[in-house]
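Participant: only geometry, no sequence info:
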């Protein structure tokens with residue numbers, strides 16, 4: 001890293017956790033500041049997490065103080081007091097630790113050109129965590145800006161696990177010129193010590209929580225100094241924490257850490273961990289990344305890891321020493337998760353990582369960035385376009401589209417130009433764009449950011465009686481007339497108004513769509529492929545636990561195994577209904593979308609669908625009439641007809657629009673001194689959305705909302721692959737009763753609570769009954 005810096009090259013460092021990446025990233029900075037002492041900002045360190053910036057300050061300050069160096073190091077995040085932020089702009093430290101959002105805000109000030117004129121290096125840590133999302137788009141634009149302000153600035157990125165380093169070199173390089181970025185690879189670490197924890201009893205049929213293993217977890221905590229227990233959602237983290245407390249007879253000190261906790265609570269827990277006061281910590285992705293506690297000697301993953309890179313990242317939190325193996329334990333929640341855990345285990349053993357595709361940069365982020373540039377001072381459109389195109393996500397942006405983005409900021413677009421509140425830019429006589437009023441700069445700084453919190457919707461009857469809350473992500477897939485089970489009742493959707501989901505008691509039996517909490521981690525394509533491979537590699541079944549092997553053998557005997565590249569569709573009667581179950585392994589998002597589309601199509605063909613249930617592995621639909629030929633239900637024109645119709649008429653596009661309207665700055669979340677409620681934001685974006693759909697359907701933000709709905713909310717790419725496969729390789733097996741492979745899915749029907757972790761005895765009983773039917777030869 002020192003050589004690359006002295007050669008004046010940008011660099012990407014890929015090395016195992018514990019190899020000393022952070023110090024290697026900072027060493028050229030320390031060396032330069034010792035050899036050439038100077039005032040002003042020398043290095044920016046950018047981290048995806050606030051906790052990481054605080055943690056690095058702790059790990060970097062100590063060596064700097066011990067060496068007696070007069071190098072000032074400070075952090076700047078959303079949690080930094082405002083007086084310190086102001087001082088940092090006037091008298092900056094040598095090294096500033098910050099997040100992509102805080103950097104973007106720094107660039108909105110008129111003095112940013114002066115502040116960054118002395119900048120020599122930018123270090124982007126954990127680059128794989130955000131380069132290919134909207135935060136990565138924002139950061140790539142900020143890097144392009146910094147390069148303009150300080151042309152000789154060196155870019156450095158640090159990463160533990162990437163499948164294809166060249167993707168990240170191109171992302172990091174100015175103009176995507178991969179040759180400008182030297183790839184530095186660290187030596188391999190010791191092989192991880194990885195085991196899959198099998199319950200004292202049987203691998204459960206259903207559920208995600210892994211709560212059957214709580215007694216074994218308590219024993220494991222007793223064996224180790226510090227144990228980290230990772231959960232995929234906040235809800236599961238709370239649930240497992242509670243269960244551990246209930247079973248904590250030895251009275252071990254156990255803490256919990258996730259993004260919804262207050263900053264005081266998070267700091268307290270982080271401090272207790274750093275001081276070695278905790279024996280175990282239950283956490284979510286808020287600790288996935290490089291928070292460094294050297295004494296963690298065991299990492300436990302509850303439920304399926306969903307991807308090998310994510311698992312490697314988490315394993316790396318255990319034992320930050322290169323020469324000793326990291327110890328990790330996987331606790332699968334059910335039989336499919338056992339297969340997924342085994343697939344992840346094999347991938348990690350082979351050192352294979354799953355990559356995620358880079359998307360084209362989104363317009364809402366670009367609009368936010370351009371507005372930020374205008375806050376700092378007037379700009380020339382052609383010059384700014386050249387700068388923006390030097391950021392890889394926007395390298396294909398043309399002048400016409402860029403003009404549309406500027407027009408949107410200047411007027412709000414054709415339909416909104418009558419309103420002064422949307423007129424934020426004006427073109428001066430010198431041909432340069434500038435703010436129409438200084439108040440817009442204040443407004444922008446209050447509202448800029450990429451992370452839009454997902455509000456909850458109240459489920460109510462028309463008379464106002466409230467039944468509880470569902471996450472908006474669940475409600476967004478519903479249209480009037482859809483039915484679902486909630487709070488033990490079959491409900492029909494009447495309407496969605498602002499943040500209320502208005503329902504009435506359903507007359508027909510409910511289509512049970514499980515609600516879910518928090519952002520679901522999608523099953524990576526790579527891991528899904530491995531699970532498919534495993535199902536048909538009969539020789540490998542010998543290493544599975546007896547009950548998993550028997551389950552697969554009985555499926556093989558009674559039906560078929562879904563072969564790689566093939567789409568298996570099973571139909572069978574059960575409990576006075578007709579079922580169709582298919583096993584695409586494309587992740588919950590794609591299956592949920594497919595369920596919506598297939599049931600619509602069944603409705604139009606008179607098959608009387610009653611509902612569907614989706615998991616990461618499979619989709620099950622049930623109806624009053626039997627499905628004799630599933631092929632037409634999966635034809636690819638469903639993406640042209642039903643898909644467009646569904647997305648436009650469900651709440652989905654509105655939800656995507658709200659997010660892009662907030663990110664692009666069309667709608668403010670907060671004003672100085674007061675914050676809008678989720679309800680007010682939703683009300684204003686819904687009004688604008690209705691106006692634009694009617695009068696300006698090709699508005700820039702509707703285009704951005706569609707792109708989001710396609711890519712993130714419905715996983716339409718994977719859906720398209722699935723339908724192409726169905727056209728060529730569908731295998732339909734008609735059975736006289738439920739198949740073994742369908743049992744874990746059917747047990748999920750009507751159990752919102754299952755997705756949230758509470759597997760009750762009734763559920764286990766039902767699973768055993770179903771299994772009895774399925775597992776009889």
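Facilitator: Yes, it's here. Remember, it's a predicted structure, so these values are computed and weren't measured experimentally. Numbering: from 1, shown residues only.
Participant: Averaged over its residues, which helix or strand of this protein has the lowest pLDDT?
Facilitator: Ranked by mean pLDDT, DSSP states H and E, the weakest helix or strand in the chain is helix 752-755, scoring a mean of 34.
Participant: ok, and residue 8, which helix or strand is that part of?
Facilitator: Residue 8 belongs to no helix or strand when elements are defined using DSSP states H and E.
Participant: The closest residue to it other than its chain neighbours: how many residues sit nearby?
Facilitator: Spatial nearest neighbour of residue 8, excluding adjacent residues (CB to CB, 6 or more residues apart in numbering): residue 154 at 7.0 Å. C-beta coordinates here come from the backbone N, C-alpha and C atoms, glycine included. For residue 154, the tally of surrounding residues (other CB atoms under 10 Å) stands at 20.
Participant: Could you check how far residue 154 is from residue 638?
Facilitator: For residue 154, the distance to residue 638 equals 50 Å [CB to CB, to the nearest Å].
Participant: Residue 128 now?
Facilitator: In terms of CB to CB, residue 128 sits 34 Å off from residue 638.
Participant: Repeat that for residue 350.
Facilitator: Distance from residue 350 to residue 638, by CB to CB: 37 Å.
Participant: pLDDT below threshold where in the stretch 451-600 of the chain?
Facilitator: 451-456, 467-469, 471-473, 485-489, 498, 508-522 (pLDDT under 70).
Participant: pLDDT below threshold where in the stretch 301-450 of the chain?
Facilitator: 310, 313-314, 316-323, 355-356.
Participant: the strands in the stretch 51-200 of the chain, which residues?
Facilitator: 73-76, 95-98, 121-124, 154-159, 181-185, 193-196 (DSSP state E, counting those that start in this stretch).
Participant: In JSON lines, list those strands along with distance to residue 619 and mean pLDDT.
Facilitator: Below are the strands of the stretch 51-200 of the chain laid out as JSON lines (distance: least, CB to CB, whole Å; pLDDT from 0 to 100):
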{"stretch": "strand 73-76", "distance to residue 619": "46", "mean pLDDT": "86"}
{"stretch": "strand 95-98", "distance to residue 619": "43", "mean pLDDT": "92"}
{"stretch": "strand 121-124", "distance to residue 619": "39", "mean pLDDT": "96"}
{"stretch": "strand 154-159", "distance to residue 619": "35", "mean pLDDT": "95"}
{"stretch": "strand 181-185", "distance to residue 619": "41", "mean pLDDT": "95"}
{"stretch": "strand 193-196", "distance to residue 619": "26", "mean pLDDT": "88"}
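Participant: what's the closest of those to residue 438?
Facilitator: Closest to residue 438 of the strands of the stretch 51-200 of the chain, according to CB to CB: strand 73-76, at 23.4 Å.
Participant: And the contacts of the closest one?
Facilitator: Contact with strand 73-76 is made by 53-54, 57, 60-61, 64, 84-85, 88, 93-98, 102, 106, as judged by CB atoms under 8 Å, 6 or more residues apart in numbering.
Participant: Partner strands of that strand and their direction?
Facilitator: According to DSSP bridges, strand 73-76 has the following sheet partners: strand 95-98 (parallel).
Participant: chain center to the partner strand, what's the gap?
Facilitator: 25 Å (CA atoms, centre = their mean, to the nearest Å).
Participant: which residues sit against it?
Facilitator: So strand 95-98 is contacted by 26, 29, 41-47, 53, 56-57, 60, 71-77, 88, 106 (CB under 8 Å, 6+ apart).
Participant: let's go with 7 Å and repeat that
Facilitator: 29, 41-47, 53, 56-57, 71, 73-77, 88 (CB atoms under 7 Å, 6 or more residues apart in numbering).
Participant: which non-adjacent residue is nearest residue 496?
Facilitator: residue 651 (5.2 Å).
Participant: ok, the one you found to residue 242 distance?
Facilitator: 32 Å.
Participant: In terms of neighbours, single out the busier of the two.
Facilitator: Counting neighbours by other CB under 10 Å for residue 651 and for residue 242 shows that residue 651 has the greater number, 21 against 14.
Participant: Can you pick out the residue with more neighbours from residue 350 and residue 638?
Facilitator: Between residue 350 and residue 638, residue 638 has the larger neighbour count (other CB under 10 Å), namely 20 against 10.
Participant: Am I right that that one sits in a strand?
Facilitator: No. Using DSSP: H, G, I helix; E, B strand; the rest coil, the assignment for residue 638 is helix, not a strand.
Participant: Kindly state the pLDDT recorded for it?
Facilitator: Here the pLDDT value assigned to residue 638 is 84.
Participant: Check the gap between it and residue 619 for me.
Facilitator: Distance from residue 638 to residue 619, by CB to CB: 13 Å.
Participant: ok, now residue 128?
Facilitator: 30 Å.
Participant: ok so, going back, distance of the residue nearest to residue 496 relative to residue 298?
Facilitator: On the measure of CB to CB, residue 651 and residue 298 end up 43 Å apart.
Participant: Count the neighbours of residue 380 for me.
Facilitator: 12.
Participant: Surely it and residue 428 touch.
Facilitator: No. Applying CB atoms under 7 Å as the test, residue 380 and residue 428 come out as separate, 10.6 Å apart.
Participant: Give me the nearest residue to residue 41, chain neighbours excluded.
Facilitator: residue 92 (4.2 Å).
Participant: got a list of what that neighbour touches?
Facilitator: 40-41, 115.
Participant: And for residue 480?
Facilitator: Residue 480 neighbours (CB under 7 Å, 6+ apart): 493-495.
Participant: now do 10 Å
Facilitator: Contacts for residue 480 (CB atoms under 10 Å, 6 or more residues apart in numbering) come out as 492-496, 502, 649-650.
Participant: In helices only, show me those.
Facilitator: residue 649 (DSSP state H).
Participant: Show me which of the contacts of residue 480 are buried.
Facilitator: When the contacts of residue 480 are checked for burial by 16 or more other CB atoms under 10 Å, the buried set is 492-493, 496, 502, 650.
Participant: of those, closest to residue 395?
Facilitator: residue 650 (33.6 Å).
Participant: sorry, back to before: any idea how far the residue nearest to residue 496 lies from residue 745?
Facilitator: Distance from residue 651 to residue 745, by CB to CB: 26 Å.
Participant: coming back round to it: joint contacts of residue 638 and residue 619?
Facilitator: 594, 598.
Participant: ok, residue 427 touching residue 434?
Facilitator: Yes. Taking contacts as CB atoms under 10 Å, residue 427 lies within contact range of residue 434: 8.0 Å.
Participant: Show me the common contact partners of the two, please.
Facilitator: residue 378.
Participant: if I look at the residue with the largest distance to the centre of the chain, how far off is residue 575?
Facilitator: In the chain, the residue that sits farthest from the middle, by CA atoms, centre = their mean, is residue 429; the gap is 45.1 Å. Separation of residue 429 from residue 575 (CB to CB): 76 Å.
Participant: do residue 30 as well
Facilitator: 69 Å.
Participant: Compare neighbour counts for those two and give me the winner.
Facilitator: residue 30 (20 against 10).
Participant: Which elements pack onto the helix or strand hosting that one?
Facilitator: Element membership for residue 30, per DSSP H and E: helix 21-35. With contacts defined as 3 or more CB pairs under 10 Å, 6 or more residues apart in numbering; DSSP states H and E, helix 21-35 has these neighbours: helix 2-6, strand 10-14, strand 43-46, helix 50-66, strand 95-98, strand 121-124, strand 154-159.
Participant: got a markdown table for these, with distance to residue 111 too?
Facilitator: Compiled in a markdown table, the helices and strands packed on helix 21-35 are given as follows (distance: least, CB to CB, whole Å):
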| stretch | distance to residue 111 |
| --- | --- |
| helix 2-6 | 27 |
| strand 10-14 | 26 |
| strand 43-46 | 16 |
| helix 50-66 | 22 |
| strand 95-98 | 14 |
| strand 121-124 | 19 |
| strand 154-159 | 23 |
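Participant: which non-adjacent residue is nearest residue 243?
Facilitator: residue 214 is the one closest to residue 243 (CB to CB, 6+ apart), at 5.0 Å.
Participant: whoops, I mixed them up, residue 625
Facilitator: residue 607 (4.8 Å).
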